[in-house]
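Peer 1: sequence plus predicted model, see below.
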Amino acid sequence: MSTAVALVTFIEIYDPDLVDNNGNISGAVQYRFQNSEPSSAGISDSKVSGGAKFNFLSFLYQGATRSKDGNNLESALILANESNDREGSVGANKLSMSYAAEAVNNGWSVRVSTCKMTDLTFSAVETILGIDTWKIVSMGYDATTIEILLSSTIDAVGGNIGRFLTSSLVGHLPVTGRIVTR
């Protein structure tokens, strides 16, 4: 018999220009969302962002993929582009579209935390499975979906210049990629 595992993806969309010198994004966060609990109460947990409230937004997080030439990691947030009004007609989801456009136009970044919850009520985080930090670079949409393209903040460097990549030099570093020097 199989058991269900409750997973939640938390996203924090923030302005990288407002991040403090220690890399703390709490003062730079513009929006916080999660994709599992649609009630107005949202989810708050001390393990993720110190207990801040994450409101519901229907989205999928697509994990990292490496570009063909190997110099960049990409990922995506997929949002629904359909919403029903009270009369039953279907139209563009203006709320999701406005969040996506605002993030792209302002050059914001996103921190994605994937968590295993204690139970199917989504009441508390049991374990943080992974945290990824991405730059929001573009968006595209069709009649049914909005895709927000996320990219790592570093590209491949061909030579060894005797420096180390640190957050103070290049911003947030991805945790899902392998960095190789030559």
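Peer 2: Looks like it arrived, so ask away.
Peer 1: lowest average confidence, helix or strand, in the chain?
Peer 2: Lowest by mean pLDDT, DSSP states H and E among the helices and strands of the chain is strand 90-91, with a mean of 54.
Peer 1: who's in contact with the next helix or strand after that one?
Peer 2: Downstream of strand 90-91, the first helix or strand assigned by DSSP states H and E is helix 94-105. Residues outside helix 94-105 that contact it (CB atoms under 8 Å, 6 or more residues apart in numbering) are 13, 30-31, 57-59, 79-81, 83, 108, 110, 136-139, 141, 146, 148. Quick note: C-beta positions are derived from backbone N, CA and C, even for glycine.
Peer 1: and if we set it to 6 Å?
Peer 2: Contact partners of helix 94-105, identified using CB atoms under 6 Å, 6 or more residues apart in numbering, comprise 13, 79, 136, 139, 146, 148.
Peer 1: surely the fifth one touches Leu79?
Peer 2: Yes: with contact taken as CB atoms under 6 Å, Ile146 and Leu79 are classed as touching, separated by 4.3 Å.
Peer 1: now do the end-to-end distance for stretch 2-20.
Peer 2: Start-to-end span of stretch 2-20 (CA to CA, to the nearest Å) is 45 Å.
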